[in-house]
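Participant: Starting from these lines, generate the structure:
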Amino acid sequence: MKLRKLRIRNFRCYRDEISIDFENITSLIGKNDCGKSTMMDALDVFLNDKNPDKDDACKYGDPKDLTIICEFEEIPSEVIIDDTNPTSLNEEFLLNQEGRLEIHKTFSGHTQNPKCINISAYALHPVNEGLKDLLQLKNVDLKKRAKELDVDLQNVNTKINAPIRSAIRSNFSDIKLQPILVPLNEDNAKNVWDGLKNSMPAFALFKSDRASTDQDPEAQDPLNAAIREAIKAKEEDLRRITTYVEEEVKKIAKATVDKIREMDPNLASELKPEFKPQKWESLFKASITGDEGIPINKRGSGVKRLILLNFFRAKADQELKTSGKNTIIYGIEEPETSQHPNNQRMLIAAFNELSISSQVVLSTHTPMLARSLPDKSLRYIQINDDKSREIFIGGDETNKLFSKALGILPDNSVKIFIGIEGPNDIAFLKNISKVLIRDGESIPDLEKMELNGELIFFPLGGSTLALWTSRLENLNRPEFHLYDRDTTPPAQPKYQAQIDKINQRENCIALFTGKREIENYIHKDAIVQAYNRNGLQIAIAHNFNDFDDVPLEVAKIVHTATSPNAWDELKDDKKEEKEQNAKRTVSNWATQFMSKALLNEIDPNNDVIGWLNQIKSLIE
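Facilitator: Modelled structure (predicted):
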């Protein structure tokens, strides 16, 4: 499940409801005190089931309506909500008109200790009498409702709620749907909410002003995030353990009270067995120390940030090795703090890599970070004269606001801009340049150039690459653009018009791949070695053809090696997930097992070396 939109009102500086959309990587930009940290904290409150502080209600708004709303897309085809039986959010009518899961949380901001007082799903939901409250009904009440409506439950498992609800709905010939708020904190709907939470991403927030104390060391945050994510992955197992322990404790407690009752009925009447389970996270503690036993939080701030950087890199590595869906959103405030410019560039590369498999939300005051992200990832928060806020998505006019807010000046160290279709293509180019240099080719080391600030990649997606024409034209720097061909000859390349336009400009070269896409330039032996490295043995008999869909074909091979079920039996979203995992593995890892000999075999026309030589010529 992926976070698509956040809406908040009456929370700190946001009185009127404001809305912000999220991409795989999103950067919040604006002047101090504009509300960037408030956005981060709102996500923390919502996704980590926290309560606001007593001063979090907007001072000039309605504190009784402190509301945080999150909308999620990429909804799993099956979820488990109030029972062990899987159902779907579509079947339960819990999605809004855009097909998203939209959850509203309202807090008592007017009290000394604000609490969550209402949780609802805004959904296109049945409003028929007898249908609109099904999610609130417990099992016994559902069976009673079915009897009242003369619903036949003979072939229905009446121990499970979802099939009973389905049978009741099927009994209606005309289900009337309206967008309404469906309560999720009443009666059985509380169980529904608990089930929904399991499908939502976790949120790890790394604040720029975190105190560096032994009790709350900044360097421990990544480890605590790993603990939370590990616990979330085993939440169902832990819930069963908790239930088992609770039942056993209550049994012996009840037996004890019964024995007391035999001796003293009055004393027994005053006793009531209670069970208060602890949070699983509190059972695990982790820390990092240096070689001499010095805690990381006692080191310099730059070192602590590098610990954070390498945690992100480790997480990206881990995510690429697994086939699970995204389970965590990383919120990082001002990651450039205390970092040398070279380390800032490393951070940018790490965030782009991390965003392939997880969502990343950044706030920044650094031009280098802002300019290294595509327009669609940039959000400018503007403070108006009346203290209201507006949010603008990156683009030609918005970029002027960025320039004014961040003081973006031309960077004379930049020697070339490289426009590419996505982060996977960037990984391919950086890795293959290293491989070829190792094997004796005289070509630029793209990764080294990027870290030195001499090269800037723009991972923008094919159809938006052309938008950079106007943005870069006045910077007087060479540009190299590479597009996937996508189409099979004799059809024209998909982005031929954009290529022609860019090539008309001085010191600009735009090309398309000779094959379908970049993954078609990776030798089968390198792909096999990449999966072997991850502990999976696969076999590929022949190199793929020039216009085969390599990620799809690799995904099928991996699926056959790891599952007894046929590929065609998978749901479309599962197929897409496996294909994206294969694309990441092939582009990010298999390229590291390439060699000049393997490239010569898979690329007899020397397309790849030709691209790198074109980049070299532009630089020189």
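Participant: By mean pLDDT, flag the weakest helix or strand of this structure.
Facilitator: helix 468-472 (a mean of 54; mean pLDDT, DSSP states H and E).
Participant: and the spatially closest residue to Gln592 that is not a sequence neighbour, what does it touch?
Facilitator: Spatial nearest neighbour of Gln592, excluding adjacent residues (C-beta to C-beta, 6 or more residues apart in numbering): Asn431 at 5.4 Å. To be clear about C-beta, it is placed using only N, CA and C from the backbone, and glycine gets the same treatment. Residues near Asn431 by C-beta atoms under 8 Å, 6 or more residues apart in numbering: Asn588, Thr591, Gln592, Met594.
Participant: before we move on, back to that, who does the helix or strand immediately after the least confident helix or strand of the chain in the chain touch, helix- and strand-wise?
Facilitator: Using DSSP states H and E, the helix or strand that follows helix 468-472 in sequence is strand 479-483. Counting contacts by 3 or more C-beta pairs under 8 Å, 6 or more residues apart in numbering; DSSP states H and E, strand 479-483 is packed against strand 416-420, helix 496-503, strand 508-512, helix 607-619.
Participant: now the ones you listed as JSON lines including mean pLDDT and distance to Pro183?
Facilitator: Compiled in JSON lines, the helices and strands packed on strand 479-483 are given as follows (pLDDT from 0 to 100; distance: least, C-beta to C-beta, whole Å):
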{"stretch": "strand 416-420", "mean pLDDT": "87", "distance to Pro183": "47"}
{"stretch": "helix 496-503", "mean pLDDT": "87", "distance to Pro183": "50"}
{"stretch": "strand 508-512", "mean pLDDT": "92", "distance to Pro183": "54"}
{"stretch": "helix 607-619", "mean pLDDT": "95", "distance to Pro183": "57"}
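Participant: and of the ones you listed, who's closest to Glu236?
Facilitator: With C-beta to C-beta, the closest approach to Glu236 among the helices and strands packed on strand 479-483 belongs to strand 416-420: 40.3 Å.
Participant: Listing partners with orientation, what would you give for that closest one?
Facilitator: Strand 416-420 pairs in its sheet with strand 455-459 (parallel), strand 479-483 (parallel), by DSSP bridges.
Participant: Kindly calculate the angle that it makes with helix 607-619.
Facilitator: 150 degrees (axes from the mean of the first three to the mean of the last three C-alpha atoms, to 10 degrees).
Participant: Off-centre distance for strand 416-420?
Facilitator: Computed by C-alpha atoms, centre = their mean, to the nearest Å, the chain-centroid distance of strand 416-420 equals 25 Å.
Participant: which stretches of the stretch 451-600 of the chain have low pLDDT?
Facilitator: Residue ranges of the stretch 451-600 of the chain with pLDDT under 70: 459-475.
Participant: which of the helices and strands packed on strand 479-483 sits most buried?
Facilitator: Stretch with highest mean neighbour count among these: strand 416-420 (a mean of 23; mean count of other C-beta atoms under 10 Å).
Participant: which residue packs closest to Tyr60, ignoring adjacent ones?
Facilitator: Arg15 (5.9 Å).
Participant: wait, that neighbour sits on Asn384?
Facilitator: No - contact between Arg15 and Asn384 fails when scored by C-beta atoms under 8 Å: they sit 11.7 Å apart.
Participant: Settle it for me: which of those two has more neighbours?
Facilitator: Shown here are Arg15 and Asn384; by other C-beta atoms under 10 Å, Arg15 has more neighbours (20 against 8).
Participant: And that one, how far from Ile103?
Facilitator: Distance, Arg15 to Ile103, by C-beta to C-beta, to the nearest Å: 21 Å.
Participant: same check, this time on Ala42
Facilitator: 13 Å.
Participant: Which one's more surrounded, these two?
Facilitator: Ala42 (26 against 22).
Participant: Using PDB, write out every CA atom in the helix or strand the more buried one falls within.
Facilitator: Per DSSP H and E, Ala42 falls inside helix 36-47. C-alpha atoms of helix 36-47 as PDB (Å, rounded to 0.1, in the frame of the first residue of the first chain):
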ATOM      1  CA  LYS A  36       7.500  21.300   6.700                       C
ATOM      2  CA  SER A  37       8.100  19.600  10.100                       C
ATOM      3  CA  THR A  38       4.300  19.800  10.800                       C
ATOM      4  CA  MET A  39       3.700  17.600   7.700                       C
ATOM      5  CA  MET A  40       6.200  15.100   8.900                       C
ATOM      6  CA  ASP A  41       4.800  15.000  12.400                       C
ATOM      7  CA  ALA A  42       1.200  14.600  11.100                       C
ATOM      8  CA  LEU A  43       2.300  11.500   9.300                       C
ATOM      9  CA  ASP A  44       4.100  10.300  12.400                       C
ATOM     10  CA  VAL A  45       0.900  10.800  14.500                       C
ATOM     11  CA  PHE A  46      -1.300   9.100  11.900                       C
ATOM     12  CA  LEU A  47       0.800   6.100  10.900                       C
END
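Participant: list the helices and strands that helix packs on?
Facilitator: strand 2-9, strand 25-29, strand 66-73, strand 101-107, strand 202-206, strand 328-333, strand 359-364.
Participant: got the angle for it vs strand 25-29?
Facilitator: Using the same axes, to 10 degrees: helix 36-47 against strand 25-29 is 140 degrees.
Participant: Report the distance from helix 36-47 to the chain centre.
Facilitator: With C-alpha atoms, centre = their mean as the basis, helix 36-47 stands 15 Å off its chain's centre.
Participant: residues in contact with that helix?
Facilitator: 3, 6, 8, 11-14, 20, 28-30, 50-52, 68, 70, 103, 105, 200-203, 205, 207-208, 329, 331, 333, 361, 363, 381.
Participant: Show me where the stretch 51-200 of the chain has its helices.
Facilitator: 139-148, 161-170, 189-199 (DSSP state H, counting those that start in this stretch).
Participant: In a markdown table: these, plus mean neighbour count, mean pLDDT and distance to His523.
Facilitator: Formatted as a markdown table, those follow (neighbours: other C-beta atoms under 10 Å; pLDDT from 0 to 100; distance: least, C-beta to C-beta, whole Å):
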| stretch | mean neighbour count | mean pLDDT | distance to His523 |
| --- | --- | --- | --- |
| helix 139-148 | 16 | 94 | 57 |
| helix 161-170 | 20 | 93 | 48 |
| helix 189-199 | 18 | 87 | 39 |
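Participant: CSV please, covering those helices and showing distance to Asp568.
Facilitator: CSV is the format used below for those (distance: least, C-beta to C-beta, whole Å):
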stretch, distance to Asp568
helix 139-148, 36
helix 161-170, 26
helix 189-199, 25
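Participant: can you list the domains in the protein?
Facilitator: 2-24+31-206, 416-514+606-619, 519-602 (automatic domain parsing).
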